[in-house]
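Q: Please work out how this folds:
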Amino acid sequence: MTQGPMPSDPRAPGISAGITEQVIHDLVHTFYGKIRGDTVLGPIFEAKVGDWPSHLDKMCAFWSSVTLMSGRYKGHPMIAHANITGIERAHFDRWLTIFRETAADACGVEAAALFIDRAERIAQSLQVGIALHRSGSNDPRHARKETAP
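A: As a prediction, this is how the structure comes out:
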């Protein structure tokens, strides 16, 4: 279970970009509303997310930790994503497309740029981690090419 709002770190990159807990809430809820209706990603999320309010709270905590350095998120995204069978690069590409569009529509220019930058980095990291998980190797040179970024 996630905690309520915690103070942002004054060094957090999101502060100067105008990101607040409310901005994060609005972005996350709008974005996942689109994901749930997406013909490609919707079925994957519906199969994995049993409790949407809890998932949305967790995603708000995640983005709060990433952009505001709040420390609210306590999960393990690599493990959660590595255990989803059938997830491929095309899914990450689709996720990023929807995220970019939503951030651009829901946030100011600086906030959107920060969210998108972090989302792209996180997606790349998750793809590498999944490739390593699937290959059973700790050596990135042995990652399966079709899932590596």
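Q: Would you map the helices across this protein?
A: 13-16, 21-37, 42-48, 52-68, 77-82, 89-106, 109-135 (DSSP state H).
Q: buried sites along the shortest one?
A: Meaning helix 13-16. 13-14 (16 or more other CB atoms under 10 Å). (Glycine included, C-beta is placed from N, CA and C.)
Q: Using PDB, write down the CA coordinates of it.
A: In PDB, the C-alpha atoms belonging to helix 13-16 read as follows (Å, rounded to 0.1, in the frame of the first residue of the first chain):
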ATOM      1  CA  PRO A  13      13.700  17.900 -11.100                       C
ATOM      2  CA  GLY A  14      10.000  18.100 -11.200                       C
ATOM      3  CA  ILE A  15       9.700  21.100  -9.000                       C
ATOM      4  CA  SER A  16      11.200  23.600 -11.500                       C
END
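Q: Quick one: list the elements packing against it.
A: Packing partners of helix 13-16 (3 or more CB pairs under 8 Å, 6 or more residues apart in numbering; DSSP states H and E): helix 52-68, helix 109-135.
Q: Packed most tightly, which of the helices of the chain would that be?
A: With neighbours defined as mean count of other CB atoms under 10 Å, the helices of the chain peak in mean count at helix 52-68, which reaches a mean of 19.
Q: tell me how far that one is from the chain's mean position?
A: Distance of helix 52-68 from its chain centroid, counting by CA atoms, centre = their mean, to the nearest Å, is 9 Å.
Q: What of stretch 50-59?
A: With CA atoms, centre = their mean, you get 13 Å for stretch 50-59.
Q: residues in contact with residue 50?
A: Going by CB atoms under 8 Å, 6 or more residues apart in numbering, residue 50 touches no other residue.
Q: any idea how far residue 119 lies from residue 51?
A: Going from residue 119 to residue 51 by CB to CB, to the nearest Å gives 23 Å.
Q: what bits of this structure have low per-residue confidence?
A: 1-8, 137-149 (pLDDT under 70).
Q: what residue lies at the spatial centre of it?
A: Computing the C-alpha centroid of the chain and ranking residues by CA atoms, centre = their mean puts residue 119 first, at 5.9 Å.
Q: Just give the closest residue to that residue, not the sequence neighbours.
A: Distance criterion CB to CB, 6 or more residues apart in numbering; nearest residue to residue 119, sequence neighbours excluded, is residue 99 at 5.1 Å.
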